[in-house]
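>>> give me a 3D structure for the following:
(one chain, ligands or ions: 1)
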Amino acid sequence: MNGGGREGEDMSDPEGGSGPDSDREFDASESTARELDASDPLAGFRDRFDVPDTCYLDGNSLGPASDEAVAALEHVVEEWRTLGVRGWTEGDPPWFWYGERLGDRLAPMVGANPDEVVVGNSTTVNIHTLIGTFLEAADGDTVVVNELDFPTDHYAIASQLRAHRLDPDEHLVRVESEDGRTIDEDAIRAAVDDETAIVFFPSVLYRSGQLFDLEALTEIAHEHDAFAGFDLAHSVGAMTHDLSGIGADFAVWCHYKYCNAGPGAVAGLYVNERHFGTRPGLAGWWGHEKETQFDLNLEYTPATSAGAWQIGTIPIFSAAPLDGALSILEEAGLEAIRRKSVALTEYLVELTDESLSEYGVDVGTPRDADRRGGHVALEHEQAYALGAALRERGYVVDVRPPNVVRVCPAPLYMGYHDVWTFVDVVETLFEENLLEAADPDAVT
Ligand SMILES: Cc1ncc(COP(=O)(O)O)c(C=O)c1O
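Residues are numbered from 1 along each chain as shown. From the prediction side, this is the model:
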């Protein structure tokens, strides 16, 4: 990069508050990136992770392994060796309560009471059971979603609608996007009416990174006596939430992205306590009232907590890494994590404007920090070639159709200099016409 400065501009803290270095005026030079890293209070966490490749900017897809996560996994493997089946009751902690116990630790991270959160199933399965539950309980019979959603949400909801003998062509209402990147809150308001059973939205759009105001969406749903449910896959572990405070009805999320709990890690869910006792859409013995689960009655008595939405035996090896990974999140603190994330994404946006816009790279993510999640969408007609060329050089990003390179400077293990070198490498790829040699099929 040419290092051309923007004197007087504070890029470290777009909210004008207390970013890692909010008083600093800085330019686009490499030395400034290094200085920002030097004064970053979260910089030390990087040593606790095995960060693959030269520059890992794909934590929005899969977070890396940490010492704590691997140790927690090894701990349960050892318990399996030494305790066998006794691990269910004698493990430390007992595996029988593992999902509830992790739920207790997650509750403050999503702004809920301990009983309202549990770890179990996968995100998609949790969408199935919760949409099924709330379709049954609702007065209305449509589900309002948006056309930029991650597809699994629509697959699961459409299949639940069919199971309730409702045609998805009529009962799955898709809010449309005007710009192909974001969804307007007014358009959501206009789509919700007295026929609506559930407003189901992501906290952050998986492609553009738009962050929604969950409180406003909950209000829109409740004004029409509909339920408000959320897919928090792209925000849990990246920022604070206040699910109980805003009165959200239910939520689902995964732990393999910003929680760094490993590929296919068991998912999480929240159900507001006013719905305890509601019959789960997909019932199973792991959601049975714990105290009598082993009475093995054929009559199903759901737990009077979010635990009722578990289905089958918790896969302990896919849950244990979360136990370790949560220790890191708790130690770093979600406020500090979000503060650094906002500063890093702001820095990336500014550097992109400065050095890459002349090559046709557009920022597809909202520039207002309050409307931005943890990653930035860089749009370019050769997105796939760019993603492949970057990966060949050890810069790991992913690409989403039609033209988006997603770049995630995850605050626990990435820094300002990583962002700086990333932009520098992209600039070189364009300057030296290196994209032609890249295989666009080599990246996902
Ligand atoms: C918004 C969203 N929901 C759900 C999923 C995936 O669900 P599952 O964990 O069941 O594969 C993803 C995956 O990236 C996602 O981005």
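>>> and the residue in the stretch 151-300 of the chain positioned nearest to the ligand, how many residues sit next to it?
Across the stretch 151-300 of the chain, the shortest distance to the ligand (CB to the nearest ligand atom) belongs to residue 233, at 3.6 Å. To be clear about C-beta, it is placed using only N, CA and C from the backbone, and glycine gets the same treatment. Counted by other CB atoms under 10 Å, the residues lying close to residue 233 total 24.
>>> before we move on, what about residue 397?
Burial measure for residue 397: 26 neighbouring residues, criterion other CB under 10 Å.
>>> please begin residue numbering at 27 from this point
Yes, from this point I'll number from 27; that puts the last item at residue 423.
>>> ok, it to residue 406 distance?
Separation of residue 423 from residue 406 (CB to CB, to the nearest Å): 12 Å.
>>> shared neighbours, these two?
Common contact partners of residue 423 and residue 406 (CB atoms under 8 Å, 6 or more residues apart in numbering): residue 431.
>>> given the longest strand seen in the chain, what are its sheet partners and their directions?
Longest strand in the chain, counting residues (DSSP state E): strand 222-228. Listed by DSSP bridges, the sheet partners of strand 222-228 and their directions read strand 168-172 (parallel), strand 253-257 (parallel).
>>> got the end-to-end distance for stretch 219-238?
Using CA to CA, to the nearest Å, the end-to-end distance of stretch 219-238 comes to 20 Å.
>>> one more: stretch 183-202?
17 Å.
>>> what are the buried residues along that stretch?
Counting neighbours by 16 or more other CB atoms under 10 Å, one finds that the buried residues in stretch 183-202 are 183-184, 186-187, 192, 194, 197-199, 201.
>>> make JSON lines from the residues you listed and add pLDDT and distance to residue 315 to it.
As requested, those are exported to JSON lines (pLDDT from 0 to 100; distance: CB to CB, whole Å):
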{"residue": "183", "pLDDT": "98", "distance to residue 315": "28"}
{"residue": "184", "pLDDT": "98", "distance to residue 315": "32"}
{"residue": "186", "pLDDT": "98", "distance to residue 315": "25"}
{"residue": "187", "pLDDT": "98", "distance to residue 315": "30"}
{"residue": "192", "pLDDT": "98", "distance to residue 315": "31"}
{"residue": "194", "pLDDT": "98", "distance to residue 315": "34"}
{"residue": "197", "pLDDT": "98", "distance to residue 315": "33"}
{"residue": "198", "pLDDT": "98", "distance to residue 315": "34"}
{"residue": "199", "pLDDT": "98", "distance to residue 315": "36"}
{"residue": "201", "pLDDT": "98", "distance to residue 315": "39"}
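>>> write out the residues of this protein neighbouring the ligand.
Where the chain comes near the ligand, counting by CB under 6 Å from any ligand atom, the residues are 148-150, 176, 178-179, 228, 232, 257, 259-260, 280, 293.
>>> change it to 8 Å
Residues of the chain that fall close to the ligand, judged by CB under 8 Å from any ligand atom: 87, 148-153, 175-176, 178-179, 228, 230, 232, 257, 259-260, 278, 280, 282-283, 290, 293.
>>> filter those residues down to the buried ones.
Neighbour-count burial (16+ other CB under 10 Å) applied to those gives 87, 148-153, 175-176, 179, 228, 230, 232, 257, 259-260, 278, 280, 282-283, 293.
>>> just the ones in strands from the residues you listed, please.
Using DSSP E, the members of those that fall within strands are 228, 257, 278.
>>> ok, and the closest non-adjacent residue to residue 327?
The shortest distance from residue 327 to any residue that is not its chain neighbour, by CB to CB, 6 or more residues apart in numbering, is 4.7 Å, and that residue is residue 315.
>>> tell me the domain ranges of this protein?
In terms of domains, the chain is parsed into 56-91+359-468, 119-356 (source: automatic domain parsing).
>>> let me have these in JSON lines, extended by distance to residue 103.
Below are the domains of the chain laid out as JSON lines (distance: least, CB to CB, whole Å):
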{"stretch": "domain 56-91+359-468", "distance to residue 103": "15"}
{"stretch": "domain 119-356", "distance to residue 103": "7"}
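>>> quick one: contacts for residue 109?
Applying CB under 8 Å, 6+ apart, we find residue 109 in contact with 116-117.
>>> make it 6 Å
Residue 109 makes contact with residue 116, according to CB atoms under 6 Å, 6 or more residues apart in numbering.
>>> right, I'll leave it there.
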